[in-house]
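J.: here you go, sequence then predicted model.
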Amino acid sequence: MESKYKIGGSSLTNGFKAEKRHSTPDNEVLLKKFRSGSESPSSKAYTSQNLSKQRKALPVYAVKNKLLEEINKHSTLIIIGETGCGKTTQIPQYIREARLAKKGSVAITQPRRVAAVSVATRVSKEMGCQLGETVGYAVRFEDVTSSQTALKYMTDGMLLREALADNLLMSYSIVILDEAHERTIHTDVLFGIVKQAQSIRKAKMFTPLKIILMSATMDVDQFSSYFDDAPIVYLEGRQHHVDIYSTLEPQDDYTFSILVTIFQIHRKAPAKSIKQIFHYTWKLSVEYVLNLFCLAVLFLCSTFPVQTEKFDVYYLLCVKEAQGMGPMLKVHPLFANMASNHQMEVLRPGAPNTRKLILATNVAETSLTIPGVKYVIDSGMVKQR
(Lines give C-alpha, C1' and ligand atoms only; values in the text may rest on other atoms or scores of the structure.)
Protein backbone atom coordinates (compact mmCIF):
# COMPACT_ATOMS: atom_id res chain seq x y z
CA MET A 1 0.00 0.00 0.00
CA GLU A 2 1.43 3.37 -0.96
CA SER A 3 2.18 6.05 1.60
CA LYS A 4 1.13 9.65 1.09
CA TYR A 5 2.26 12.76 2.89
CA LYS A 6 1.19 16.36 2.62
CA ILE A 7 3.76 18.90 3.69
CA GLY A 8 3.24 22.62 4.19
CA GLY A 9 0.40 23.87 4.39
CA SER A 10 -8.31 42.41 -23.63
CA SER A 11 -10.08 41.60 -26.82
CA LEU A 12 -8.11 41.65 -30.08
CA THR A 13 -8.91 44.03 -32.90
CA ASN A 14 -7.33 44.68 -36.25
CA GLY A 15 -7.73 48.42 -35.90
CA PHE A 16 -4.17 49.14 -34.86
CA LYS A 17 -3.04 52.49 -36.18
CA ALA A 18 0.37 54.10 -36.03
CA GLU A 19 2.07 57.12 -37.48
CA LYS A 20 5.26 56.74 -39.45
CA ARG A 21 8.20 58.11 -37.48
CA HIS A 22 11.76 58.95 -38.40
CA SER A 23 14.73 58.07 -36.25
CA THR A 24 16.77 60.88 -34.77
CA PRO A 25 20.43 61.12 -33.75
CA ASP A 26 19.36 60.64 -30.12
CA ASN A 27 17.57 57.48 -31.12
CA GLU A 28 20.68 56.13 -32.81
CA VAL A 29 22.79 56.80 -29.71
CA LEU A 30 20.28 55.02 -27.51
CA LEU A 31 20.08 52.17 -29.97
CA LYS A 32 23.86 51.67 -30.09
CA LYS A 33 24.09 51.85 -26.31
CA PHE A 34 21.25 49.37 -25.90
CA ARG A 35 22.61 46.89 -28.43
CA SER A 36 26.13 47.09 -27.04
CA GLY A 37 24.90 45.20 -23.98
CA SER A 38 25.65 47.92 -21.45
CA GLU A 39 23.87 47.34 -18.17
CA SER A 40 23.03 49.44 -15.19
CA PRO A 41 24.15 48.53 -11.67
CA SER A 42 20.63 47.27 -10.98
CA SER A 43 21.02 44.54 -13.60
CA LYS A 44 24.18 43.03 -12.09
CA ALA A 45 24.27 39.72 -10.24
CA TYR A 46 22.31 39.47 -7.04
CA THR A 47 24.24 39.66 -3.81
CA SER A 48 24.45 36.54 -1.69
CA GLN A 49 22.27 38.23 0.91
CA ASN A 50 19.48 38.84 -1.59
CA LEU A 51 19.75 35.29 -2.88
CA SER A 52 19.55 33.94 0.67
CA LYS A 53 16.36 35.93 1.30
CA GLN A 54 14.86 34.67 -1.93
CA ARG A 55 15.66 31.06 -1.05
CA LYS A 56 14.05 31.38 2.38
CA ALA A 57 10.96 32.95 0.85
CA LEU A 58 10.26 29.86 -1.27
CA PRO A 59 7.48 27.55 0.02
CA VAL A 60 9.78 24.51 0.03
CA TYR A 61 12.04 26.14 2.64
CA ALA A 62 9.35 25.91 5.33
CA VAL A 63 9.31 22.10 5.06
CA LYS A 64 13.02 21.58 4.45
CA ASN A 65 13.69 19.37 7.49
CA LYS A 66 10.61 17.21 7.02
CA LEU A 67 11.44 16.77 3.36
CA LEU A 68 15.00 15.69 4.12
CA GLU A 69 13.65 13.12 6.59
CA GLU A 70 11.50 11.56 3.89
CA ILE A 71 14.37 11.53 1.37
CA ASN A 72 16.68 9.90 3.89
CA LYS A 73 14.05 7.35 4.91
CA HIS A 74 13.03 6.06 1.47
CA SER A 75 15.04 4.67 -1.43
CA THR A 76 12.47 5.99 -3.90
CA LEU A 77 10.36 9.10 -3.37
CA ILE A 78 7.84 10.97 -5.50
CA ILE A 79 7.59 14.72 -4.89
CA ILE A 80 4.65 16.68 -6.26
CA GLY A 81 5.22 20.40 -5.93
CA GLU A 82 3.28 23.27 -7.42
CA THR A 83 5.01 25.48 -9.94
CA GLY A 84 7.27 28.02 -8.26
CA CYS A 85 7.60 26.21 -4.93
CA GLY A 86 11.38 25.87 -5.45
CA LYS A 87 11.70 22.10 -5.81
CA THR A 88 14.00 22.14 -8.85
CA THR A 89 16.58 24.56 -7.45
CA GLN A 90 16.35 23.94 -3.71
CA ILE A 91 15.93 20.20 -3.13
CA PRO A 92 19.32 19.27 -4.70
CA GLN A 93 20.97 21.92 -2.52
CA TYR A 94 19.24 20.59 0.59
CA ILE A 95 20.48 17.10 -0.25
CA ARG A 96 24.06 18.31 -0.55
CA GLU A 97 23.88 20.41 2.62
CA ALA A 98 22.54 17.40 4.56
CA ARG A 99 25.21 15.17 3.00
CA LEU A 100 22.66 12.59 1.90
CA ALA A 101 24.73 11.87 -1.22
CA LYS A 102 27.66 10.38 0.67
CA LYS A 103 29.28 8.54 -2.22
CA GLY A 104 28.81 9.89 -5.70
CA SER A 105 27.18 13.03 -7.00
CA VAL A 106 23.55 13.98 -7.59
CA ALA A 107 22.15 13.85 -11.12
CA ILE A 108 19.14 16.03 -11.89
CA THR A 109 17.55 15.44 -15.28
CA GLN A 110 15.51 17.95 -17.25
CA PRO A 111 13.53 17.26 -20.42
CA ARG A 112 14.99 20.32 -22.18
CA ARG A 113 18.45 21.83 -22.37
CA VAL A 114 17.34 25.39 -21.65
CA ALA A 115 15.99 24.21 -18.30
CA ALA A 116 19.17 22.30 -17.45
CA VAL A 117 21.41 25.26 -18.26
CA SER A 118 19.29 27.95 -16.62
CA VAL A 119 18.67 26.01 -13.41
CA ALA A 120 22.35 25.06 -13.06
CA THR A 121 23.32 28.69 -13.54
CA ARG A 122 20.87 29.84 -10.90
CA VAL A 123 21.94 27.19 -8.38
CA SER A 124 25.63 28.02 -8.86
CA LYS A 125 24.88 31.67 -8.05
CA GLU A 126 22.92 30.69 -4.95
CA MET A 127 25.79 28.47 -3.77
CA GLY A 128 28.38 31.13 -4.55
CA CYS A 129 30.49 28.97 -6.85
CA GLN A 130 31.62 29.08 -10.44
CA LEU A 131 29.48 27.15 -12.88
CA GLY A 132 31.29 23.88 -13.58
CA GLU A 133 32.73 23.48 -10.10
CA THR A 134 30.33 22.29 -7.38
CA VAL A 135 27.40 22.79 -9.74
CA GLY A 136 27.52 21.99 -13.44
CA TYR A 137 25.43 20.92 -16.39
CA ALA A 138 25.70 18.59 -19.35
CA VAL A 139 23.68 18.98 -22.54
CA ARG A 140 24.33 17.90 -26.08
CA PHE A 141 27.65 19.29 -27.37
CA GLU A 142 28.28 21.07 -24.05
CA ASP A 143 29.64 19.65 -20.79
CA VAL A 144 30.31 22.20 -18.06
CA THR A 145 31.37 19.92 -15.21
CA SER A 146 34.54 18.89 -13.40
CA SER A 147 35.74 16.24 -10.98
CA GLN A 148 34.46 18.44 -8.13
CA THR A 149 30.91 18.64 -9.47
CA ALA A 150 28.43 17.46 -6.83
CA LEU A 151 25.18 18.63 -8.44
CA LYS A 152 24.94 17.84 -12.13
CA TYR A 153 21.98 19.10 -14.13
CA MET A 154 21.53 17.39 -17.47
CA THR A 155 19.01 16.50 -20.10
CA ASP A 156 17.46 13.05 -19.84
CA GLY A 157 19.17 12.17 -23.11
CA MET A 158 22.60 12.80 -21.59
CA LEU A 159 21.90 10.46 -18.67
CA LEU A 160 20.80 7.83 -21.17
CA ARG A 161 24.15 8.19 -22.94
CA GLU A 162 25.97 7.69 -19.65
CA ALA A 163 23.87 4.60 -18.96
CA LEU A 164 25.16 3.04 -22.19
CA ALA A 165 28.67 3.04 -20.71
CA ASP A 166 27.62 2.39 -17.10
CA ASN A 167 24.21 0.78 -16.75
CA LEU A 168 24.41 0.92 -12.94
CA LEU A 169 25.11 4.67 -12.91
CA MET A 170 27.81 4.20 -10.28
CA SER A 171 28.86 7.85 -10.57
CA TYR A 172 25.68 8.87 -8.77
CA SER A 173 24.22 8.12 -5.37
CA ILE A 174 20.99 10.02 -6.07
CA VAL A 175 19.17 10.47 -9.37
CA ILE A 176 16.43 13.12 -9.53
CA LEU A 177 14.08 12.86 -12.50
CA ASP A 178 12.49 16.29 -12.73
CA GLU A 179 9.37 17.08 -14.75
CA ALA A 180 8.57 13.37 -14.82
CA HIS A 181 5.09 14.06 -16.17
CA GLU A 182 6.56 15.03 -19.56
CA ARG A 183 6.66 11.32 -20.43
CA THR A 184 9.07 11.63 -23.36
CA ILE A 185 10.65 8.48 -24.78
CA HIS A 186 13.90 9.35 -23.03
CA THR A 187 12.17 9.84 -19.69
CA ASP A 188 10.18 6.62 -19.92
CA VAL A 189 13.30 4.62 -20.78
CA LEU A 190 15.12 6.26 -17.87
CA PHE A 191 12.45 5.05 -15.47
CA GLY A 192 13.30 1.48 -16.36
CA ILE A 193 17.07 2.05 -16.32
CA VAL A 194 17.24 3.73 -12.90
CA LYS A 195 14.87 1.20 -11.37
CA GLN A 196 16.98 -1.68 -12.68
CA ALA A 197 20.21 0.01 -11.56
CA GLN A 198 18.77 0.53 -8.09
CA SER A 199 17.73 -3.13 -7.83
CA ILE A 200 21.06 -4.55 -9.06
CA ARG A 201 23.13 -2.27 -6.82
CA LYS A 202 21.08 -3.36 -3.83
CA ALA A 203 21.41 -7.07 -4.69
CA LYS A 204 25.18 -6.79 -5.14
CA MET A 205 25.52 -4.65 -2.00
CA PHE A 206 26.96 -1.74 -3.94
CA THR A 207 26.44 1.86 -2.88
CA PRO A 208 22.64 2.32 -2.74
CA LEU A 209 20.96 4.42 -5.41
CA LYS A 210 18.17 6.75 -4.37
CA ILE A 211 15.57 7.76 -6.94
CA ILE A 212 13.51 10.94 -6.64
CA LEU A 213 10.74 11.78 -9.11
CA MET A 214 9.57 15.40 -9.17
CA SER A 215 6.72 17.03 -11.01
CA ALA A 216 4.12 19.76 -10.75
CA THR A 217 1.37 17.40 -11.80
CA MET A 218 1.16 13.81 -12.99
CA ASP A 219 -0.63 10.49 -12.49
CA VAL A 220 1.08 9.80 -9.18
CA ASP A 221 -0.66 6.50 -8.50
CA GLN A 222 0.66 5.02 -11.74
CA PHE A 223 4.21 6.13 -10.99
CA SER A 224 4.02 4.99 -7.38
CA SER A 225 2.81 1.56 -8.47
CA TYR A 226 5.66 1.20 -10.99
CA PHE A 227 8.24 2.05 -8.34
CA ASP A 228 6.95 -0.54 -5.86
CA ASP A 229 4.43 1.70 -4.09
CA ALA A 230 6.87 4.55 -3.57
CA PRO A 231 5.66 7.16 -1.05
CA ILE A 232 4.37 10.48 -2.33
CA VAL A 233 5.12 13.88 -0.84
CA TYR A 234 3.01 16.90 -1.72
CA LEU A 235 4.47 20.41 -1.53
CA GLU A 236 2.25 23.45 -1.54
CA GLY A 237 3.09 26.44 -3.69
CA ARG A 238 2.18 30.10 -3.79
CA GLN A 239 -1.10 31.18 -5.29
CA HIS A 240 -1.17 34.27 -7.48
CA HIS A 241 -4.18 36.13 -8.75
CA VAL A 242 -4.51 35.75 -12.51
CA ASP A 243 -6.94 37.61 -14.77
CA ILE A 244 -7.86 35.72 -17.92
CA TYR A 245 -9.14 37.53 -21.01
CA SER A 246 -10.37 35.68 -24.07
CA THR A 247 -10.98 37.00 -27.57
CA LEU A 248 -14.57 37.91 -28.30
CA GLU A 249 -14.51 35.80 -31.44
CA PRO A 250 -12.11 33.40 -33.18
CA GLN A 251 -9.20 35.03 -34.97
CA ASP A 252 -8.57 34.10 -38.59
CA ASP A 253 -4.89 35.09 -38.42
CA TYR A 254 -3.66 34.38 -34.91
CA THR A 255 -0.12 35.61 -35.62
CA PHE A 256 -1.34 39.02 -36.74
CA SER A 257 -3.74 39.20 -33.80
CA ILE A 258 -0.90 38.48 -31.40
CA LEU A 259 1.22 41.17 -33.05
CA VAL A 260 -1.62 43.66 -32.60
CA THR A 261 -1.98 42.64 -28.96
CA ILE A 262 1.74 43.12 -28.39
CA PHE A 263 1.56 46.73 -29.49
CA GLN A 264 -1.69 47.34 -27.61
CA ILE A 265 -0.12 46.18 -24.35
CA HIS A 266 3.09 48.06 -25.00
CA ARG A 267 1.25 51.32 -25.70
CA LYS A 268 -1.30 51.15 -22.89
CA ALA A 269 0.31 49.17 -20.08
CA PRO A 270 2.01 51.05 -17.20
CA ALA A 271 5.59 51.98 -18.01
CA LYS A 272 7.26 49.57 -15.62
CA SER A 273 9.79 46.81 -16.19
CA ILE A 274 7.23 44.41 -17.61
CA LYS A 275 8.07 41.20 -19.39
CA GLN A 276 5.70 39.47 -21.73
CA ILE A 277 5.92 35.86 -22.75
CA PHE A 278 4.13 34.33 -25.69
CA HIS A 279 3.71 30.61 -26.03
CA TYR A 280 4.05 29.04 -29.43
CA THR A 281 4.64 25.42 -30.26
CA TRP A 282 7.41 25.39 -32.81
CA LYS A 283 10.41 27.39 -33.89
CA LEU A 284 9.09 28.50 -37.30
CA SER A 285 6.09 30.15 -35.68
CA VAL A 286 8.40 32.21 -33.46
CA GLU A 287 10.50 33.21 -36.46
CA TYR A 288 7.39 34.15 -38.44
CA VAL A 289 6.16 36.51 -35.71
CA LEU A 290 9.67 37.98 -35.45
CA ASN A 291 9.55 38.79 -39.15
CA LEU A 292 6.14 40.41 -38.74
CA PHE A 293 7.50 42.36 -35.80
CA CYS A 294 10.42 43.58 -37.94
CA LEU A 295 8.05 44.86 -40.59
CA ALA A 296 5.90 46.63 -38.00
CA VAL A 297 8.90 48.33 -36.39
CA LEU A 298 10.25 49.33 -39.80
CA PHE A 299 6.89 50.91 -40.56
CA LEU A 300 6.88 52.77 -37.26
CA CYS A 301 10.51 53.85 -37.27
CA SER A 302 11.25 54.30 -40.98
CA THR A 303 15.05 53.98 -41.08
CA PHE A 304 15.26 51.62 -38.10
CA PRO A 305 18.23 49.27 -38.74
CA VAL A 306 17.31 45.59 -38.87
CA GLN A 307 19.42 42.59 -39.84
CA THR A 308 17.35 39.52 -40.57
CA GLU A 309 20.17 37.01 -41.07
CA LYS A 310 21.74 37.29 -37.62
CA PHE A 311 20.59 37.45 -34.03
CA ASP A 312 20.58 41.24 -34.29
CA VAL A 313 16.96 40.86 -35.36
CA TYR A 314 16.20 39.74 -31.81
CA TYR A 315 17.29 43.04 -30.30
CA LEU A 316 14.78 45.39 -31.86
CA LEU A 317 14.10 48.53 -29.93
CA CYS A 318 11.26 51.02 -29.80
CA VAL A 319 12.65 54.27 -28.40
CA LYS A 320 10.26 55.85 -25.93
CA GLU A 321 9.97 59.49 -27.03
CA ALA A 322 10.51 58.95 -30.75
CA GLN A 323 7.80 56.36 -31.22
CA GLY A 324 5.53 57.41 -28.39
CA MET A 325 4.99 53.80 -27.38
CA GLY A 326 6.02 53.81 -23.74
CA PRO A 327 9.26 52.27 -22.46
CA MET A 328 11.89 50.74 -24.68
CA LEU A 329 11.17 47.26 -25.94
CA LYS A 330 13.71 44.45 -26.25
CA VAL A 331 12.72 41.27 -28.04
CA HIS A 332 13.96 37.80 -27.10
CA PRO A 333 13.14 34.51 -28.83
CA LEU A 334 13.17 31.28 -26.86
CA PHE A 335 13.14 27.82 -28.40
CA ALA A 336 14.84 24.52 -27.69
CA ASN A 337 17.67 24.45 -30.25
CA MET A 338 18.95 27.97 -29.61
CA ALA A 339 22.51 28.38 -28.40
CA SER A 340 22.72 28.37 -24.61
CA ASN A 341 24.12 31.90 -24.36
CA HIS A 342 21.15 33.27 -26.30
CA GLN A 343 18.70 31.31 -24.17
CA MET A 344 20.23 32.77 -21.02
CA GLU A 345 19.56 36.30 -22.29
CA VAL A 346 15.91 35.74 -21.43
CA LEU A 347 16.73 35.22 -17.75
CA ARG A 348 19.04 38.20 -17.32
CA PRO A 349 17.60 41.34 -15.67
CA GLY A 350 16.48 43.97 -18.12
CA ALA A 351 17.89 47.45 -18.49
CA PRO A 352 16.13 50.36 -16.74
CA ASN A 353 12.95 51.64 -18.40
CA THR A 354 12.91 48.62 -20.68
CA ARG A 355 10.19 46.08 -21.28
CA LYS A 356 11.05 42.56 -22.34
CA LEU A 357 9.11 40.83 -25.07
CA ILE A 358 9.71 37.07 -25.09
CA LEU A 359 8.57 34.99 -28.06
CA ALA A 360 8.66 31.41 -26.87
CA THR A 361 7.70 27.90 -27.76
CA ASN A 362 6.24 25.66 -25.05
CA VAL A 363 9.81 25.21 -23.79
CA ALA A 364 8.94 28.07 -21.44
CA GLU A 365 6.43 25.84 -19.66
CA THR A 366 8.97 23.33 -18.35
CA SER A 367 11.28 23.90 -15.35
CA LEU A 368 11.76 27.51 -16.33
CA THR A 369 10.67 30.38 -14.10
CA ILE A 370 11.16 33.76 -15.74
CA PRO A 371 10.91 36.50 -13.10
CA GLY A 372 8.79 39.57 -13.71
CA VAL A 373 6.36 38.16 -16.26
CA LYS A 374 3.12 40.11 -16.10
CA TYR A 375 1.38 39.45 -19.41
CA VAL A 376 1.07 36.10 -21.16
CA ILE A 377 -0.43 35.81 -24.62
CA ASP A 378 -1.23 32.23 -25.58
CA SER A 379 -1.80 31.53 -29.25
CA GLY A 380 -3.70 28.34 -28.44
CA MET A 381 -1.87 26.53 -31.23
CA VAL A 382 -0.39 23.10 -30.60
CA LYS A 383 2.07 21.22 -32.79
CA GLN A 384 1.16 17.54 -32.94
CA ARG A 385 3.33 14.83 -34.42
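T.: Perfect, thanks for sending it. Residues are numbered from 1 along each chain as shown.
J.: what about the residue nearest to residue 159 when sequence neighbours are not counted, neighbour count?
T.: Once flanking residues are discounted, residue 159 sits nearest to residue 109: 5.3 Å by CB to CB, 6 or more residues apart in numbering. For the C-beta atoms, the positions are set from N, CA and C on the backbone; glycine is no exception. Applying other CB atoms under 10 Å, we find 26 residues neighbouring residue 109.
J.: ok, now the one 10 residues further on?
T.: For residue 119, the neighbour count with other CB under 10 Å is 23.
J.: for it, what are its contacts?
T.: If a contact means CB atoms under 8 Å, 6 or more residues apart in numbering, then residue 119 has 88-89, 108, 110, 137, 153, 367 as its contacts.
J.: just residue 138 next, same as before
T.: 116, 144-145, 152-155, 158 are the contacts of residue 138 under CB under 8 Å, 6+ apart.
J.: so which elements touch the helix or strand containing residue 201?
T.: Assigned by DSSP states H and E, residue 201 belongs to helix 185-203. Applying 3 or more CB pairs under 8 Å, 6 or more residues apart in numbering; DSSP states H and E, one finds that helix 185-203 contacts helix 156-165, strand 172-177, strand 210-215.
J.: would you format those as a markdown table with mean neighbour count and mean pLDDT included?
T.: Putting these into a markdown table (neighbours: other CB atoms under 10 Å; pLDDT from 0 to 100) gives the following:
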| stretch | mean neighbour count | mean pLDDT |
| --- | --- | --- |
| helix 156-165 | 17 | 94 |
| strand 172-177 | 23 | 96 |
| strand 210-215 | 23 | 94 |
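J.: got any ranges where the stretch 151-300 of the chain has weak pLDDT?
T.: 218, 269-300 (pLDDT under 70).
J.: let's see that with 50 instead.
T.: Across the stretch 151-300 of the chain, the ranges flagged by pLDDT under 50 are 273-274, 277, 281-283, 298-300.
J.: tell me the buried residues in the helix holding residue 201?
T.: 186-187, 190-191, 193-195, 197-198, 201 (16 or more other CB atoms under 10 Å).
J.: what's it in contact with?
T.: Residues outside helix 185-203 that contact it (CB under 8 Å, 6+ apart) are 75-76, 109, 111, 155-157, 159-160, 163, 167-170, 175, 177, 179-180, 206-211, 226-227.
J.: in JSON lines: the helices and strands packed on helix 185-203, plus distance to residue 247.
T.: Formatted as JSON lines, the helices and strands packed on helix 185-203 follow (distance: least, CB to CB, whole Å):
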{"stretch": "helix 156-165", "distance to residue 247": "37"}
{"stretch": "strand 172-177", "distance to residue 247": "38"}
{"stretch": "strand 210-215", "distance to residue 247": "31"}
